[in-house]
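*Asks:* build the 3D model from these lines:
(one chain, ligands or ions: 1)
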Amino acid sequence: MTPKRGEVGKAHVAMGFSRATRDELARIMPERRCCQLAELAGLAYMDGTLTSHGYDVVAGQAAAARKVYLLFKQLYQPRMEVKVRHRARFGKQPVYIVGIGQQRKLERITKSLAGVERRYTLERWGKACCRKAFLRGVYLGRGSVTEPSKNYHLEIITNTFSQAALVQGCIETFGLSCGVVQRKNRVTLYFKDAGQIGQFLGLLGAHTSVLRLESVRVMKEMRNQANRLVNCETANMDKTLEASLRQVENIRLIQEKMGLESLPPDLQEISQLRLEYPYASLKELGELLDVSLSKSGVNHRLRKLEAIADELREVDGH
Ligand SMILES: [Zn+2]
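*Replies:* Have a look, this model is predicted:
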């Protein structure tokens, strides 16, 4: 599953959207220390635990584990251990554990991570740069997104309602609102709207993924528009055909009841043409006349025929 170093960029187009997005986010290293801490706090908030031997962050994805490792290193240079555990029970996918063993820095590290969590729990949201970084950490640990050509769906799986509420609150500080659903013993936050997914990924800094999403969206939109146009033309064609069939019906009735020769010459001429060319448009009929006539002129004559036919029907009715 893990792309080899250096292959990430060029593989972006070919690989799945969710993985490409995760890889793009994993490559972002915030410049400021405040944001580095916030991103690490986002990852640790979901998957960090104090243990008897120190502090562990468990990541289900290699990209997330790498980010945890790099952020710890950047911020604190602690002694670290990275372990890979293969979960037989959960299928093939391994789990990565970044462990900070007992050492003098441990307390400082756990205190600063807990500090971010406490501030956010109290809804003291602070700087936008840090909030974005926090959400990027959360997403890296727990997020995924569906191939946009199939469906618009982005989700973040949390363990508890309070976790979900905190992440949701943080998302809402950016004017976005996500759905919440409980599945088994997990609480999932999700977006179903392409625009919101794009905005959210943009906040996290996944700009290539946003472009990819946008291009799929435009393609879909164009396809829908083309379908609408086709439907619209079909509808118009049906209407034209219906009208000309009624005209033919009118003329046949006149022919039967009083004969076309009893009509004035201009109506005789158009009647004969309509019978001869039942599928011609009004414009085409006008051009077929000896002295060509405009569309509305043709329409006028056909209406006269309709009035005559209607009279004949009325007489018939009595
Ligand atoms: Zn910041």
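*Asks:* all helices of the stretch 201-318 of the chain, in order?
*Replies:* 207-257, 265-276, 282-288, 295-317 (DSSP state H, counting those that start in this stretch).
*Asks:* the ion: which of those helices is closest?
*Replies:* helix 207-257 (18.4 Å; C-beta to the ion). To be clear about C-beta, it is placed using only N, CA and C from the backbone, and glycine gets the same treatment.
*Asks:* quick one: average pLDDT of the closest one?
*Replies:* Mean per-residue pLDDT for helix 207-257: 83.
*Asks:* with adjacent residues omitted, what lies nearest to R108?
*Replies:* Y76 (7.3 Å; C-beta to C-beta, 6 or more residues apart in numbering).
*Asks:* ugh, wrong one, Q36
*Replies:* Q36 sits nearest to P30 (C-beta to C-beta, 6+ apart), 5.0 Å away.
*Asks:* residues near the one you found, how many?
*Replies:* P30: 21 surrounding residues under other C-beta atoms under 10 Å.
*Asks:* got a pLDDT number for it?
*Replies:* 95.
*Asks:* is it located within a strand, as I assumed?
*Replies:* No. Applying DSSP: H, G, I helix; E, B strand; the rest coil, one finds P30 to be coil, outside a strand.
*Asks:* for it, give me phi and psi.
*Replies:* Backbone torsions of P30, given as degrees, to the nearest 10, read phi -60, psi 150.
*Asks:* if I look at it, how far off is G137?
*Replies:* According to C-beta to C-beta, to the nearest Å, P30 and G137 sit 10 Å apart.
*Asks:* cool, and M80?
*Replies:* 17 Å.
*Asks:* what about the two, which has more around it?
*Replies:* Neighbours per residue (other C-beta under 10 Å) separate M80 from G137, with G137 holding more: 32 against 17.
*Asks:* so what are the domain limits for the protein?
*Replies:* Following automatic domain parsing, one gets these domains for the chain: 8-205, 241-317.
*Asks:* I figured E81 hits Q103, correct?
*Replies:* No. Judged on C-beta atoms under 8 Å, E81 makes no contact with Q103 at a distance of 11.3 Å.
*Asks:* okay, the residue lying closest to D193 once chain neighbours are set aside: pLDDT?
*Replies:* What sits nearest to D193 in space, not counting adjacent residues and going by C-beta to C-beta, 6+ apart, is Y152, at 6.4 Å. At Y152, the pLDDT value in this model is 95.
*Asks:* need the three-state assignment for Y152.
*Replies:* Quick answer, by three-state DSSP: Y152 is coil.
*Asks:* contacts only, for it.
*Replies:* The contact partners of Y152, by C-beta atoms under 8 Å, 6 or more residues apart in numbering, come to T146, F191, K192, D193, A194, I197.
*Asks:* identify the farthest-apart pair in these.
*Replies:* T146 and D193 (12.7 Å; C-beta to C-beta).
*Asks:* residues near A128, how many?
*Replies:* 12.
*Asks:* ok, it to L176 distance?
*Replies:* Taking C-beta to C-beta, one finds A128 at 13 Å from L176.
*Asks:* contacts for stretch 242-257 next, please.
*Replies:* 260, 263, 271, 274-275, 278-280, 302, 305-306, 308-309, 312-313, 316.
*Asks:* redo that, cut-off 6 Å
*Replies:* S271, R274, L275, P278, L302, L305, E306, I308, A309, L312 (C-beta atoms under 6 Å, 6 or more residues apart in numbering).
*Asks:* so among the residues you listed, where is pLDDT lowest?
*Replies:* For these, the pLDDT minimum is P278, 79.
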